[in-house]
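**Student:** here you go, sequence then predicted model.
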Amino acid sequence: MVQRLVLGFDRIMIRCLDALIIAMAGLLLLLLNYAVFARFILNESVSWGEELPAYILAALTFVGAAYLTRSNEHIGFDGVVRMMPPLLQRLIFAANLMVMAAFGAVFAYYGLIAAASFGTRPLISLDIPMALFRAAVPFGCALISAICLARLIGLLTRQITLKDLMPETDA
């Protein structure tokens, strides 16, 4: 029962992350292209041309970090782990997932405090609360923590194999 819930959560989360990252990247692309078009073709600068895309890019970084955690594309030493026996690999992955989940939870907690400190203060160029963009830090880190916990449960219940935890290789 728990295994099914964890795997269902994992599937839903990766679909939502896919959609969110595509939407954020698409919005960033549209905003930057419009800012360039307005500046050089319409000869009229937009007030938010640098600020808004910068905040969206920063938010995309933290949500993207969660996505990379789920797809095993974050920085790691998988070449060394691949040479180890399966039991040691399982122990290393379990320890790694626990440390990453704890780090994500701590970072999310303090990120939430930092984001809340901005209150309703708006961006300089638009009337959008800065806290909305600052909330990407605790959101992304909470996702990292949730992904790691889901994968840890999957690893311990053998619903996730060691191969599932390895990044894709070119070989």
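**Tutor:** Here it is on my side, so go on.
**Student:** which strands or helices does the top helix by length along the chain pack on?
**Tutor:** With residue count as the measure and DSSP state H as the assignment, the chain has helix 2-40 as its longest helix. Contacting helix 2-40 under the criterion 3 or more C-beta pairs under 8 Å, 6 or more residues apart in numbering; DSSP states H and E are the following elements: helix 51-70, helix 136-156. For the C-beta atoms, the positions are set from N, CA and C on the backbone; glycine is no exception.
**Student:** is the residue lying farthest from the centre of the chain part of a helix or strand, or is it coil?
**Tutor:** Largest separation from the mean C-alpha position in the chain: N43, at 36.7 Å (C-alpha atoms, centre = their mean). Secondary structure for N43, judged by DSSP: H, G, I helix; E, B strand; the rest coil, is coil.
**Student:** how near is it to G8?
**Tutor:** Noted for N43: a distance of 53 Å to G8, by C-beta to C-beta, to the nearest Å.
**Student:** flag the shaky bits of this protein, pLDDT-wise.
**Tutor:** Across the chain, the stretches falling below the confidence threshold (pLDDT under 70) are 168-171.
**Student:** switch the cut-off to 80
**Tutor:** Under the criterion pLDDT under 80, the flagged ranges of the chain are 1-7, 9-10, 71-79, 167-171.
**Student:** and the contacts of stretch 23-34?
**Tutor:** The contact list for stretch 23-34, computed with C-beta atoms under 8 Å, 6 or more residues apart in numbering, reads 46, 48, 52-53, 56-57, 59-60, 63.
**Student:** can you pull the contacts of L165?
**Tutor:** L165 makes contact with 72, 93, 151, 155, according to C-beta under 8 Å, 6+ apart.
**Student:** and for R121?
**Tutor:** Under the criterion of C-beta under 8 Å, 6+ apart, the contact partners of R121 comprise 129-131.
**Student:** for A114, grab the count of nearby residues.
**Tutor:** 14 (other C-beta atoms under 10 Å).
**Student:** is it true that it touches V137?
**Tutor:** Yes. Counting by C-beta atoms under 8 Å, V137 is a contact partner of A114 at 6.9 Å.
**Student:** top of the contacts of L165 by neighbour count?
**Tutor:** Highest neighbour count within those: R151, with 25 neighbours (other C-beta under 10 Å).
**Student:** can you pull the contacts of that one?
**Tutor:** 10, 97, 160, 165.
**Student:** buried sites along stretch 112-125?
**Tutor:** 112, 115, 123 (16 or more other C-beta atoms under 10 Å).
**Student:** please give the element, helix or strand, for the first one.
**Tutor:** Remark: L112 resides in helix 86-116, with elements defined by DSSP states H and E.
**Student:** after that helix, next one along is what?
**Tutor:** Tracing the chain past helix 86-116, the next element assigned as helix or strand by DSSP H and E is helix 130-134.
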